[in-house]
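Trainee: Sequence first, then the predicted structure, then my questions.
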Amino acid sequence: MNFAVLVFPGSNCDIDMFKAVEDTVGEPVEYVWHTATDLSSYDVILVPGGFSYGDYLRCGAIARFAPVMAELKKAAEAGKFVLGVCNGFQILTEAGLLPGALIRNNSLKFRCHPVDLKVENNITPFTNAYAPGETIRIPIAHGEGNYVCDAETLARLKTNNQVVFRYQGDNPNGSVDNIAGVCNERGNVVGMMPHPERAVSELLGSSDGARMFTSVLNVFLSRVEPSAVNGARAH
C-alpha cells in the first residue's frame, strides 16, 4: 500500500504525517511536491497541516490551484483514500472535495492543545477501527478551524452520515454543530482539524490517532471498495 504526503510551500506537518505512517503501518510512503502531475501509483494521499502559500487570501485558497490538485481530484473520483488534516482540510474544502468552509476561530485566537472528539462515523476507511460514539483524545493547532456551512448543507451532512468527528465538551473554535471532521458522500475523502498524526504514541500524550492509519490499511488489505465496507458495517 503506497502512501503519498503532499507538500506545498509552507507545509509544516508533512514530516509528522510521514513519520506517523512509518510508525503505525510501516508501508511505503513518499513526499510528493505540489507540482506533481501524477498520483496514479499511490493508494492513500495525505494532505498535511501547515500554512500553504502563507495562508494568503484564505487558508488553502492558493493551494487549491496547485498542479497536484487536479490529480488529487482524479484520485478521489477513482475511489482512492484521501485524508486532509488542518490546513489539508482547508485545502480540500477550497477545492470542493469536501463541503463547507473553515474560517477564523470565534475567539480570534490560535488554539493549540488536546481536545476530546466523539467518533460519529466509524464506517469510513479512516475510522473503521473506532467504536461508534467512542471518545478519543487528539491535539489541535489552528487559528482558522471554525467549520461553517449553510443550513441545507448541514442537513445533508447529517442525513448522509458525513459528520465524522464532533468536539466533545469544549468547542475550541465555534464550529457549527461542534463539527471537527467531515467526509464526502462516498466516504473515501475525510477532512478534520485535529491532528491524528500527532497522536500515534502514548509518548506524545495519546495514541488514539494511530487507528486512523491502521483503519485505512485494513480496508486496503480487505480488497473491497469503501462502499462495501460501509455496507457490511451498516448491517
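Mentor: Received it, and whenever you're ready, just let me know what you need.
Trainee: which helix is the longest one in the protein?
Mentor: In terms of residue count, the longest helix belonging to the chain (DSSP state H) is helix 210-222.
Trainee: Buried residues, that one. List them.
Mentor: Burial within helix 210-222, assessed by neighbour count using 16 or more other C-beta atoms under 10 Å, is assigned to 210-213, 215-217, 219-220. (C-beta placed from N, C-alpha, C; glycine too.)
Trainee: Could you list the paired strands of the helix or strand where Gly191 lies along with their orientation?
Mentor: Using DSSP states H and E, Gly191 sits in strand 189-192. With DSSP bridges as the criterion, the sheet partners recorded for strand 189-192 are strand 81-85 (parallel), strand 179-183 (antiparallel).
Trainee: Show the average pLDDT along the longest helix of the chain.
Mentor: With pLDDT averaged residue by residue, helix 210-222 scores 94.
Trainee: can you check stretch 170-182 too?
Mentor: Computed over stretch 170-182, the mean pLDDT rounds to 98.
Trainee: How about stretch 19-26?
Mentor: Averaging pLDDT along stretch 19-26 yields 96.
Trainee: Now do it: everything it contacts.
Mentor: Here stretch 19-26 makes contact (C-beta atoms under 8 Å, 6 or more residues apart in numbering) with 1, 3, 5, 27, 29, 46, 196-198, 200-201, 209-210, 213-214, 217.
Trainee: Put the buried members of the residues you listed into a ChimeraX selection.
Mentor: Selecting in ChimeraX just the buried members of the contacts of stretch 19-26, where the criterion is 16+ other C-beta under 10 Å, is done with this command:
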select :1,3,5,27,29,46,196,197,198,200,209,210,213,217
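Trainee: so which two of the contacts of stretch 19-26 are the farthest from each other?
Mentor: Pairwise distances among the contacts of stretch 19-26 were taken by C-beta to C-beta; the largest, 21.8 Å, belongs to Met1 and Arg198.
Trainee: Could you report the separation of Phe51 from Glu30?
Mentor: Distance, Phe51 to Glu30, using C-beta to C-beta, to the nearest Å: 22 Å.
Trainee: that older thread, got the strands paired with strand 189-192 as TSV, with distance to Val115 and mean neighbour count columns?
Mentor: Shown next, in TSV, are the strands paired with strand 189-192 (distance: least, C-beta to C-beta, whole Å; neighbours: other C-beta atoms under 10 Å):
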stretch	distance to Val115	mean neighbour count
strand 81-85	14	28
strand 179-183	8	28
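Trainee: which one of the ones you listed lies closest to Arg64?
Mentor: Using C-beta to C-beta as the criterion, the shortest distance between Arg64 and the strands paired with strand 189-192 is 11.4 Å, found for strand 81-85.
Trainee: Quick one: work out the angle between the closest one and helix 210-222.
Mentor: Angle, strand 81-85 to helix 210-222, by axes from the mean of the first three to the mean of the last three C-alpha atoms, to 10 degrees: 170 degrees.
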